[in-house]
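Asker: I'll drop the sequence and a predicted model, then ask my questions.
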Amino acid sequence: RNIKYKREDLTKCQKELYVSESLCQKVKKEIDQAISSQQDKIDSSLINMNMQKMDKSELVLRLNTKLQETQKLVREVEERKRRIKIEIENMIDGDEVLKRDLCVEEGPLMKKILEKLEYRCMALNTSNTANNDVTGSKLGGIKKVALSEGSNIYVNDIQNGITNLVFRGEEEGKNVEGPQGHVSFITCLHFNINFVYSGSMDKSIMCWDVDKGERVFVAAGHDGTVTCIHVDSWKMVSGSVDTNVIVWEKYTGVMLRRILGHHCGVRCIQSGAEWCISGSTDGDIYVWNNSPHDEDPNYKTFKCKHRLKQENYKITVAKYGKLEIISGGSNGTITVWWLKTGKKTQECNAHNGQPVTDLQFDATKIVSCGMDNNVNITDIMTGAV
């Protein structure tokens, strides 16, 4: 119902935009005619919406004022139209997430697993995985895993599954001082050292300190569901259905740079000290480069190096390596891209036409999981599963 109403608003907005643009063209045309006219007095109906004879100089002055007002109105209506389209995409995206999850959760195995709690997102600590110690038990790492259910975040012991900490969501408008947690579904998580970063359908990113058990900051800047977050040694990056990539200061949530380029919603993102990759629902993967943080703390040098294009499916996951980028798609395809040239070197269907949900790789193999409920190992050179 909400999507239906929003589409009706979009139709009204498009009609209003057409009327405003038409008026703008009429004013421009009348200005040109008035300037080229040899008459001292000229008739016009565009000033007071009634036919009126005015001095030529006065008419040109008033028409230019009218043009500025009309152009301002056009920009306002265009912005309103853009926001309504984002809201519609946001709602559709949310519906797709819920329908997809319900489809999986209605299976007999998932029903049994999810009898107590329906976790939708999970994040292992990246400081552990960077040292090839996933559980954090060998090298004194973080022995915790972050999970989300609805608008709540759970931090569990990775060895026994016991919940150590809960960051609870809230109902919108319930807290007069503003919400202290998410007010809508959490759609992505990232766990780095002692901090959990969460993105939501409420368009915000929140950072949580698992040692102190408190929220650190709220980062606001996206106009749609936040779909992906990644944190490296220097920054936090995020993507959203609003098509934007945003670079943030990772300890304060201050926005450093908004990156434009994608034409559809961003679904996955990963970053390092001098690089970032982002994949979107139109099949694009952008490879971004930037100067070192010490030289460019505001990331003004953040620029596109390659645009990798898939024509027939959405990008659902992309991971960066020293020599290649590996991506997974909505149709189960895994693609190997040579980083230096941006060209494909291998492609295979690893998940029976079902979306690839995540992957990792080393020099010889790719480990991936998908909506077909399989975990596959693919040879990076031959594409054999």
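Answerer: Okay, I see it. Numbers count the residues shown, from 1 in each chain.

Asker: who's in contact with the residue nearest to Ile229 when sequence neighbours are not counted?
Answerer: Counting by C-beta to C-beta, 6 or more residues apart in numbering, Ile229 lies nearest to His190, which is 4.4 Å off, once chain neighbours are set aside. Bear in mind the C-beta positions are built from the backbone N, C-alpha and C, glycine included. When contacts are counted by C-beta atoms under 8 Å, 6 or more residues apart in numbering, His190 touches 123, 126, 196-198, 229-231.

Asker: give me that answer again for 6 Å
Answerer: 123, 197, 229, 231 (C-beta atoms under 6 Å, 6 or more residues apart in numbering).

Asker: ok, it to Thr11 distance?
Answerer: Computed with C-beta to C-beta, to the nearest Å, the distance linking His190 and Thr11 is 38 Å.

Asker: Show me the beta-bridge partners of the residue nearest to Ile229.
Answerer: On the basis of DSSP bridges, His190 is bridged to Tyr197.

Asker: Nearest residue to the middle of the protein?
Answerer: Ranked by distance to the mean C-alpha position of the chain (C-alpha atoms, centre = their mean), the top residue is Ser240 at 1.2 Å.

Asker: Distance of it relative to Gly181?
Answerer: Taken as C-beta to C-beta, the span from Ser240 to Gly181 is 19 Å.

Asker: before we move on, what about Glu30?
Answerer: Applying C-beta to C-beta, one obtains 56 Å for the distance of Glu30 from Gly181.

Asker: same deal with Ser280?
Answerer: Applying C-beta to C-beta to Ser280 and Gly181 gives a distance of 28 Å.

Asker: These two: which has the busier surroundings?
Answerer: For the pair Ser280 and Gly181, the greater number of neighbours falls to Ser280 (25 against 22), based on other C-beta atoms under 10 Å.

Asker: Let me know whether that one touches Val266 as I believe.
Answerer: Yes. Assessed by C-beta atoms under 6 Å, Ser280 is found in contact with Val266 at 5.0 Å.

Asker: that older thread, give the bridge partners for the residue nearest to the centre of the chain, please.
Answerer: Val226.

Asker: Give me the below-cutoff pLDDT ranges for the chain.
Answerer: For the chain, the stretches with pLDDT under 70 are 1-2, 90-117, 173.

Asker: swap the cut-off to 80 and go again
Answerer: 1-5, 48-50, 86-118, 129-140, 172-178 (pLDDT under 80).

Asker: which stretches of it form helices?
Answerer: 2-36, 56-105, 108-113, 126-129 (DSSP state H).

Asker: Just tell me which of these ends up closest to Ala219.
Answerer: helix 56-105 (17.4 Å; C-beta to C-beta).

Asker: how many neighbours does the closest residue to Ile142 other than its chain neighbours have?
Answerer: Once flanking residues are discounted, Ile142 sits nearest to Asn125: 4.3 Å by C-beta to C-beta, 6+ apart. Neighbour count of Asn125, defined by other C-beta under 10 Å: 26.
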